[in-house]
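>>> coords below, sequence missing:
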């Protein structure tokens, strides 16, 4: 029951305080690293514990909220972003984090991704992309490459996969990043920058499904003979080398990066501020309220009644 | 201006017909949707409200983008008005097609006023009286010919004002307020057209009617439609957040909320689709602010999965369904009550939720307030089943006293101690909205998976049984507080009419009419459809036959949706259906015919 007892003295956000159930993911799953790094970033940022909200839809990675000891929501398949939209808008005091996988975010919830990005909501969305449906045990996902053999494509996937980076850039996302669950340092940096971004931020974290798509990302793992190529960002130092570096405010360059052949590059594709829906809606409320000093809600409704007389 | 001779039948019209003093009058305006007949119908309705008369309107709008035939019917009277009227006493026709389509709706001896520039009536018709006025030409002449025939509606309003001896000053005041925000020029033109109609030489038709003074002595009366009253109810109840997607006839609720809520420090989001809309509303409620979403027919189907989440996670939520004709896109601008089963049983799984229905425009306010109270107390979704008829028709009624009905919203952020449980097996749900400090250090996860008292997922057979029961039992507790409905008329008799939503007005009128003819017919209406109130069995047992009046199909087994539920619950074989699926509101005579049919059956 509710009490007025003062909160405990130590409110420090630690890994221990953030840890909940032991994850039910398969041993070796890439999502463990994402979770561990997320703890670490929160420890660093020290957002008040009760203001951290984790929201997810359905899927292996969408189990995330159970493994985080924070206010959490395990919502329905594909609709975590609309749910999070409301929490973000109604609770400016809270920090909203959305987690999910490729099926949840790019297939059943694909339309919401476009609209959350264009509305520029103040939240961070981390997609653990494993190129396969894991929870339902090995069906083709919207990011499965052509030729991938699954239970729904026994002779190999034939549909062109989604390019989520291109999609979110086109939809108007302000922060678009890409990282890899096996590159924890890189992941930490990208997560932190995404969280510090004021508006809608999305990070695609390639996260291997060791059960149904082992080796999916070997091409980007150096110790397996792959290449983990990091985007070099412009330093604006006027040097000739800087010419070739990536300008994170250049949408066309970001689009070019998104179009690179797999495994492509990792880092920040795009990072531009534009007014969030949160700010714009609040501006409307504030400007309306500015003309209503001392007017109660009852007065306002009474006035509406008077117009109906 | 020239004064054309009045068409011949008017001479007879004034000799035998229009009574000098009439109790009530039904005026039907028939034209096209862009003629502005809705706005003059609205002016007439508002005038009635302001002159202590009762009023009910009825309109049809084509589901086309622009244009198409449209009607607006106003039933004004000094007594209680329960329906929009079976037949018109007075018909205004703007076009030949309006005349042809609606002359059948004019009662015998009624007057047809037609635009002689567009309509050639059948002058052999001796059943009705005809008055031709060159409405189009006279309007153009009055306004000065720059605005084509815009303003015809106000010219006609002037004619009606003259014929029915309406209060010119009050009417002009209403017009002025309506146009107040527009340019002065528009108001000037409007008055030019109105004055010209008011001064038009109507001969014997002038002052043909005089409506008796209104009976309503209440000073504070509102005149508006059901969707606007629903919005006011939500605002009074403290709803400050919501989300929706446009669909007719729900849209005007979301438009109003979107425009109004910033004044209350709140926010309504236009979502990308229905699934997002309901998800956002659930998200707002989770955040600690009870929220509303809504739609019409097809949109409700899309919300059903999320709705079952709100049941499972026990999130308070208001869901409005402005029912229209179905299935599929169906009849988007017509009325039907065919979503009742969907409202109660529409989601997958055992997903019990509350379903309420407003009985008229006024009741939209009170049903919204009650829905919010129930949703908060029992932490569950409440569906309000209104319909296209109630949503768009205008009525006049006593203003709710806001001192009594206003609830200020609060955000509960009291820290929870270690003994707190969101879903106690015994007792009501108690969510901890985000931002709440958890003194025991353990934070809650709200889920659609079956869960224990903490909200922690479990597939325990015992817990699923217990939790299913707790979600059902809270609706049983609600059932215990719902009052048994009042009977209108004798407490026993031959036939009891049972209505819900927009069938209530005409059902009561039918019962009143038959009772005045000596028949033993009473009526009762249900506002609580799930759970149903206690005590219906005892009431029903005192009547030989129960006739449930519904706007839906009798289905495979011969019973409408509410009828089927009542028969299943009460196992009373004397419960019958009066159903129809023409997409139109009930006429009183249709219900009377239904009663006759049921009485004649063994």
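Nice, thanks for sending it over. Since this is a predicted model, take the numbers as computed values, not measurements.
>>> host element of residue B:58?
Using DSSP states H and E, residue B:58 sits in strand B:54-60.
>>> these two touch, right, residue A:45 and residue A:191?
No: using Cβ atoms under 8 Å, residue A:45 is not in contact with residue A:191; the gap is 9.8 Å. C-betas here are computed from N, CA, C, even on glycine.
>>> And the residue in chain B that chain A sits nearest to, what's its pLDDT?
Of all residues in chain B, residue B:283 sits closest to chain A, at 2.9 Å by Cβ to the nearest Cβ. pLDDT recorded at residue B:283 is 98.
>>> Excluding chain neighbours, give the residue nearest to it in space.
residue A:86 (2.9 Å; Cβ to Cβ, 6 or more residues apart in numbering or on different chains).
>>> quick one: the one you found is in a helix?
Yes: according to DSSP: H, G, I helix; E, B strand; the rest coil, residue A:86 belongs to a helix.
>>> re the thing from before, I'd like to know which elements the host helix or strand of the residue of chain B closest to chain A is packed against.
Taking DSSP H and E as the definition, residue B:283 sits inside helix B:274-286. Secondary-structure packing of helix B:274-286 (3 or more Cβ pairs under 8 Å, 6 or more residues apart in numbering or on different chains; DSSP states H and E): helix A:80-90, helix A:110-119, strand B:241-244, strand B:291-295, helix B:297-313, strand B:317-323.
>>> what about residue 231, how many residues close to it?
Picking chain A for this. 18 (other Cβ atoms under 10 Å in any protein chain shown).
>>> Chain B is the one I meant
28.
>>> One more: residue B:427?
Residue B:427, neighbours per other Cβ under 10 Å, totals 12.
>>> mind checking the SS state of it?
For residue B:427, the assignment made with three-state DSSP gives coil.
>>> any idea how far residue B:420 is from it?
12 Å (Cβ to Cβ, to the nearest Å).
>>> Nearest residue to residue B:532 in space, please, no chain neighbours.
Per Cβ to Cβ, 6+ apart, closest to residue B:532 is residue B:569, 6.3 Å.
>>> Let me know whether the one you found touches residue B:531 as I believe.
No: here residue B:569 does not reach residue B:531: they are 9.7 Å apart, not a contact under Cβ under 8 Å.
>>> which residues does the residue nearest to residue B:283 contact?
If you count contacts by Cβ atoms under 8 Å, 6 or more residues apart in numbering or on different chains, residue A:86 has them with B:241, B:243, B:269, B:279-284, B:286-287, B:291.
>>> next one: residue B:389
Counting by Cβ under 8 Å, 6+ apart, residue B:389 has contacts B:58, B:335, B:502, B:585.
>>> From those, list just the buried residues.
B:58, B:335, B:502, B:585 (16 or more other Cβ atoms under 10 Å in any protein chain shown).
>>> wait, which of the contacts of residue B:389 is closest to residue A:249?
Nearest to residue A:249 among the contacts of residue B:389, counting by Cβ to Cβ, is residue B:335 at 54.3 Å.
>>> can you confirm the closest one is in a strand?
No: Residue B:335: not assigned to a strand; according to three-state DSSP it is coil.
>>> Quick check: it touching residue B:503?
No: the pair residue B:335 and residue B:503 fails to qualify as a contact (Cβ under 8 Å) at a distance of 9.7 Å.
>>> Overlap of the contact sets of the two?
Residues touching both residue B:335 and residue B:503 by Cβ under 8 Å, 6+ apart: residue B:551.
>>> count of residues packed around residue A:18?
Residue A:18, neighbours per other Cβ under 10 Å, totals 21.
>>> Distance check, it against chain B.
Applying Cβ to the nearest Cβ, to the nearest Å, the value for residue A:18 to chain B is 9 Å.
>>> Quick check: phi and psi at that residue.
Reported as degrees, to the nearest 10, the phi and psi values for residue A:18 are phi -90, psi -10.
>>> Please list the residues of the stretch 201-309 of chain A that sit near chain B.
A:281, A:284-285, A:288-289, A:292, A:297-298, A:300-302, A:304-305, A:307-309 (Cβ under 8 Å from any Cβ of the partner chain).
>>> which among the residues you listed end up buried?
Using 16+ other Cβ under 10 Å as the burial test, these include A:281, A:285, A:288, A:297, A:301, A:304-305, A:308-309 as buried.
>>> Dump those into a markdown table; add secondary structure and pLDDT as well.
Formatted as a markdown table, those follow (DSSP: H, G, I helix; E, B strand; the rest coil; pLDDT from 0 to 100):
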| residue | secondary structure | pLDDT |
| --- | --- | --- |
| A:281 | helix | 98 |
| A:285 | helix | 98 |
| A:288 | helix | 97 |
| A:297 | helix | 98 |
| A:301 | helix | 98 |
| A:304 | helix | 96 |
| A:305 | helix | 96 |
| A:308 | coil | 91 |
| A:309 | coil | 86 |
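>>> now the residue nearest the centre of chain A: how far from chain B?
Per Cα atoms, centre = their mean, the C-alpha nearest to the average position across chain A is that of residue A:125, at 1.3 Å. Counting by Cβ to the nearest Cβ, the gap from residue A:125 to chain B is 14 Å.
>>> Perfect, I'm done here.
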